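Engineer: no letters, just coordinates:
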């Protein structure tokens with residue numbers, strides 16, 4: 001009896017967070033290229049993913065939400081491991097996209113399932129409890145192959161974890177971000193009071209990693225400096241982690257900053273995928289002042305929608321962004337510098353045009369089709385090598 005030759009992409013959620021978007025987009029590109037692929041995720045079985053997908057998939061019912069992050073992580077890990085154990089005889093490769101799915105897949109493999117566990121490390125979280133720190137370390141050491149989305153994270157895994165990895169960049173599907181009818185653009189902007197005001201879009205919700213407090217402070221500076229201050233619309237906010245304290249503190253600080261929620265700062269929340277595409281086209285620029293990122297999918301999405309980008313000068317961004325050529329880059333966590341850049345972007349049509357034109361080669365370079373082709377070569381290499389045998393130089397230290 002021959003072993004199965006089907007790939008499963010595994011993720012911890014069905015919600016529109018970066019890692020899940022990556023998983024779904026990669027699976028769809030592989031599917032278009034004729035690679036047998038199946039999606040597996042924790043979620044609500046009848047609800048499916050945040051957008052429809054033609055890729056065959058299995059939704060394992062998620063456990064009830066526990067009170068603490070630590071309890072949520074381990075409950076999800078146990079539930080996903082149980083579900084994967086029942087499915088593992090269908091697959092020879094389990095490609096996992098996060099700590100929870102990586103550890104669950106490794107548990108199934110170690111119980112005797114003949115599968116190779118691949119892990120994409122999108123970024124490393126700043127956990128504080130010993131149990132979660134240990135869980136994250138094991139999710140990096142335990143997989144048979146480790147992939148990363150940038151050279152920055154490849155070097156970090158090498159120096160801090162003594163783990164070798166292979167870089168496969170993220171991508172974008174420009175077809176998802178096509179032109180928007182003028183009437184719909186006008187209606188969206190009017191709905192948040194941005195008919196005659198410059199509209200910055202922020203994607204990812206109000207959370208520490210997105211640098212939201214620095215963006216709010218920059219908006220406060222702009223309100224004092226500009227005759228017609230801009231509007232900031234914030235999309236997203238669903239997260240496995242609980243950022244309620246950060247969010248509440250950031251929003252409660254708005255009055256002291258001279259900003260009014262609903263007028264200067266508008267929270268759009270998690271929107272349908274089609275509506276997110278519309279907001280990219282309705283806005284005037286993307287403000288993405290992250291203090292930490294694995295890659296920054298929202299940047300590529302904005303570029304695909306011909307939306308100028310202002311972002312932090314993080315090393316990972318500088319791998320594909322060049323200041324004043326395809327994006328405006330400002331120092332990390334520097335609200336004053338961010339405000340200066342945002343003002344220049346708002347007041348300079350020439351700069352916005354230059355950034356739009358400069359973004360086009362970047363968008364054409366980073367596609368999901370190219371990413372899928374690279375992944376397919378890695379899967380073939382694993383199969384040619386006989387499955388789970390780890391490549392030379394990839395022995396991991398569990399300490």
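Structural biologist: Perfect, I can see it now. The model shown is predicted, which means the values in this text are computed figures rather than measured ones.

Engineer: which regions of this protein lie under the pLDDT threshold?
Structural biologist: 1-4, 238-242, 387-399 (pLDDT under 70).

Engineer: can you give me the helices in the protein?
Structural biologist: For the chain, the helices defined by DSSP state H cover 18-32, 69-87, 99-110, 130-141, 151-161, 182-191, 212-225, 244-252, 273-282, 297-304, 335-347, 349-365, 368-384.

Engineer: other SSEs contacting the longest one?
Structural biologist: Okay, so that is helix 69-87. For helix 69-87, the elements it packs on are strand 7-11, strand 37-43, strand 57-61, helix 99-110, helix 130-141, judged by 3 or more CB pairs under 8 Å, 6 or more residues apart in numbering; DSSP states H and E. For the C-beta atoms, the positions are set from N, CA and C on the backbone; glycine is no exception.

Engineer: got it, and the first one?
Structural biologist: In terms of contacts (3+ CB pairs under 8 Å, 6+ apart), helix 18-32 is packed against strand 7-11, strand 37-43, helix 297-304, helix 368-384.

Engineer: go again using 6 Å as the cut-off
Structural biologist: Under the contact definition 3 or more CB pairs under 6 Å, 6 or more residues apart in numbering; DSSP states H and E, helix 18-32 sits against strand 7-11, strand 37-43, helix 368-384.

Engineer: same list, the ones you listed, but as TSV with distance to residue 166 and mean neighbour count please.
Structural biologist: Converted to TSV, the helices and strands packed on helix 18-32 look like this (distance: least, CB to CB, whole Å; neighbours: other CB atoms under 10 Å):
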stretch	distance to residue 166	mean neighbour count
strand 7-11	16	27
strand 37-43	19	23
helix 368-384	7	17
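
Engineer: so can I have a markdown table of those showing distance to residue 227?
Structural biologist: Listed next are those as a markdown table, based on distance: least, CB to CB, whole Å:
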| stretch | distance to residue 227 |
| --- | --- |
| strand 7-11 | 46 |
| strand 37-43 | 47 |
| helix 368-384 | 42 |
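
Engineer: out of these, which is closest to residue 269?
Structural biologist: Residue 269 lies closest, by CB to CB, to one member of these: strand 37-43, at 18.5 Å.

Engineer: how far off centre is the closest one?
Structural biologist: Offset of strand 37-43 from its chain centre (CA atoms, centre = their mean, to the nearest Å): 17 Å.

Engineer: partner strands of that strand, parallel or antiparallel?
Structural biologist: strand 7-11 (parallel), strand 57-61 (parallel) (DSSP bridges).
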